[in-house]
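[1] return a 3D structure for these sequence lines:
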Amino acid sequence: MSGESMSVCCGVFNKVKPYLLMVGLQFGSAGTYVISQQTLKNGMSRYVLIVYRNAIAALVLAPFALVLERKIRPKMTFSIFLQIVVLGFLEPILDQNFAYLGMTYTSASFASAIMNAVPSVTFVMAVMLRLERVKIKEARGIAKIVGTIVTFLGALVMTVYKGPMIHLIWSTGTAQSRNSTDPSDRHWVAGTLFILIGCCAWSAFFTLQSITVKKYPAELSLSSLICLMGAMQSAAVALVAEHHPAAWQVGWDSRLLAPVYTGVVSSGITYYVQGIVMKTRGPVFVTAFNPLCMIIVAALGSIILSEQLYLGSIVGGIIVAIGLYSVVWGKGKDYPTPLQECADPKAETQKLPVSVANGVAVDHDDIRK
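    You can find the predicted model right below:
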């Protein structure tokens, strides 16, 4: 009887494990936004933060890549090297720089909400480059198009309409202490545009990565090389932007916590956890949890960072989340479910793993000819 109970418990745990992993992952991703925002508020240069973040990420991923992919790692060619250089420029330099800059002008919760538009922007780029075929007569094609339009409408609402402040129970005291001339109030539109530029750079990164990973199908090695190249390029930019040695100093505070946390959690743990869940549940299941990160960041941001929520951000965030679910539903219909793959031995079983950056998952096979 005890053996039967144990098997039942194991079965229940296996069913809920993907949910527990993804919920925990969203809390980890939310911490990335909150800790990075607090560090930037404390005066750390975003250029230096990006250098340390990608350097630590490369150090975390490199040992696993060397051990786990030593037999499958292909030879490096000049064309692949150039693509890795471009990838290191698109994500660590353009995306992270503009995302951090926009976050300082708005808020962590606002940035996390806008970032839900990345799958829709990636879909548009794939269609423009003829890497994605849309069948407008099918339900999945209509869902992708409608979801993309809805996502952009949500981002537009968040850009042009700020709305009244939403007073929360735990933030009523902090609302009085905020100056009405806060820089985030004066540069709200500019901050939104900076975040949207980061979204476009991130989407371009996913598009190019989907091409590169087919030529260099060693995902851990590729990710570590991208982080290494991003660290080197961002270091060159930081050396020009930050001349004073004091800007590079770290201590036992958020200046050390932020790069270590973002490098280990956002690149190391996130990559591993999403890879596990992807094998059994697929990319749609993974991406469906992204709006939970937006909610967690909004709650933690108002408590820890004393950020204020505005009606426009809430309404726009909900619209963006609806558009996101429409796009991922349409993409989910492009691939068989795990049960269908098991039932059909002829179905394609080798799927490229998910790409991870800042907590948003995009399947490499989501962009294909």
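
[2] distance between the ends of stretch 245-258?
    19 Å (CA to CA, to the nearest Å).

[3] strands of the chain, start to end?
    For the chain, strands defined by DSSP state E occupy the ranges 165-166, 309-310, 354-357, 360-363.

[4] I'd guessed Thr32 sits against Val260; true?
    No. With contact defined as CB atoms under 8 Å, Thr32 does not count as touching Val260 (11.5 Å). All C-beta spots, glycine's among them, are computed from the backbone N, C-alpha and C.

[5] and these two? Which one has more around it.
    Neighbours were counted for Thr32 and for Val260 using other CB atoms under 10 Å; Thr32 has more, 22 against 15.

[6] how many neighbours does the closest residue to His187 other than its chain neighbours have?
    Nearest residue to His187, sequence neighbours excluded (CB to CB, 6 or more residues apart in numbering): Tyr105, at 4.2 Å. Neighbour count of Tyr105, defined by other CB under 10 Å: 21.

[7] also Gly147?
    When neighbours are defined as other CB under 10 Å, Gly147 has 23 of them.

[8] now swap in His187 and tell me
    Neighbours around His187, by other CB under 10 Å: 17.

[9] could you check how far it is from Val297?
    Applying CB to CB, to the nearest Å, the value for His187 to Val297 is 20 Å.

[10] show me where pLDDT drops low in the stretch 151-300 of the chain?
    For the stretch 151-300 of the chain, the stretches flagged by pLDDT under 70 are 168-186, 282-284.

[11] now stretch 132-139 - C-alpha only, PDB.
    Below are the C-alpha coordinates for stretch 132-139, written out as PDB (Å, rounded to 0.1, in the frame of the first residue of the first chain):
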ATOM      1  CA  GLU A 132       7.400  32.700 -41.400                       C
ATOM      2  CA  ARG A 133       4.500  31.700 -43.600                       C
ATOM      3  CA  VAL A 134       1.000  33.000 -42.500                       C
ATOM      4  CA  LYS A 135      -2.100  31.200 -43.700                       C
ATOM      5  CA  ILE A 136      -4.800  33.800 -43.200                       C
ATOM      6  CA  LYS A 137      -7.500  31.300 -44.100                       C
ATOM      7  CA  GLU A 138      -6.700  29.200 -41.100                       C
ATOM      8  CA  ALA A 139      -7.600  29.900 -37.500                       C
END
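
[12] so how far is it from its chain's centroid?
    Remark: stretch 132-139 is offset 26 Å from the chain centroid, using CA atoms, centre = their mean, to the nearest Å.

[13] report the buried residues of it.
    Residues 132, 134 are the ones in stretch 132-139 that count as buried (16 or more other CB atoms under 10 Å).

[14] Val265 contacts Ala30, doesn't it?
    No. Look at Val265 against Ala30 with CB under 8 Å: they stay out of range, at 10.4 Å.

[15] ok, those two, which is more surrounded?
    A direct count of neighbours by other CB under 10 Å for Val265 and Ala30 places Ala30 higher, at 24 against 21.

[16] other SSEs contacting the longest helix belonging to the chain?
    Using DSSP state H, we find that the single longest helix of the chain is helix 2-41. In terms of contacts (3 or more CB pairs under 8 Å, 6 or more residues apart in numbering; DSSP states H and E), helix 2-41 is packed against helix 46-68, helix 96-105, helix 108-114, helix 254-261, helix 270-287, helix 290-304.

[17] go again with 7 Å.
    Applying 3 or more CB pairs under 7 Å, 6 or more residues apart in numbering; DSSP states H and E, we find helix 2-41 packed against helix 96-105, helix 108-114, helix 254-261, helix 270-287, helix 290-304.

[18] next one: Gly198 from Ala235, what distance?
    20 Å.

[19] what do you get for Ile84?
    16 Å.

[20] quick one, which of those two is more surrounded?
    Legend: neighbour count by other CB under 10 Å for Ile84 and Ala235, higher for Ile84 (21 against 17).

[21] on that earlier part again, and the strands of the chain, which one averages the lowest pLDDT?
    If those are sorted by mean pLDDT, strand 354-357 sits at the bottom with a mean of 41.

[22] right, and Ser107 touches Ile304 too?
    No. Counting by CB atoms under 7 Å, Ser107 does not reach Ile304; the two are 11.8 Å apart.

[23] who has more neighbours, the two?
    Higher neighbour count among Ser107 and Ile304: Ser107, with 26 against 14, using other CB under 10 Å.

[24] that one - nearest residue in space that isn't next to it in sequence?
    Per CB to CB, 6+ apart, closest to Ser107 is Glu307, 4.4 Å.

[25] residues making contact with stretch 231-250?
    The contact list for stretch 231-250 (CB atoms under 7 Å, 6 or more residues apart in numbering) reads 45, 47-48, 50-51, 54-55, 58, 88-89, 92-93, 256.

[26] what's the first-to-last distance across that stretch?
    Distance across stretch 231-250, first residue to last, is 17 Å (CA to CA).

[27] give the buried residues for it.
    By neighbour count on 16+ other CB under 10 Å, the buried set for stretch 231-250 is 231-235, 237-238, 242, 248, 250.

[28] please apply the same query to stretch 306-324.
    For stretch 306-324, burial by neighbour count (16+ other CB under 10 Å) applies to 307-310, 312-314, 316-317, 319-324.

[29] circling back: got the angle for the longest helix of the chain vs helix 46-68?
    In terms of direction (axes from the mean of the first three to the mean of the last three CA atoms, to 10 degrees), helix 2-41 departs from helix 46-68 by 150 degrees.

[30] check which residues of helix 2-41 are buried.
    Neighbour counts over helix 2-41 (16+ other CB under 10 Å) mark 18, 21-22, 25-26, 28-40 as buried.
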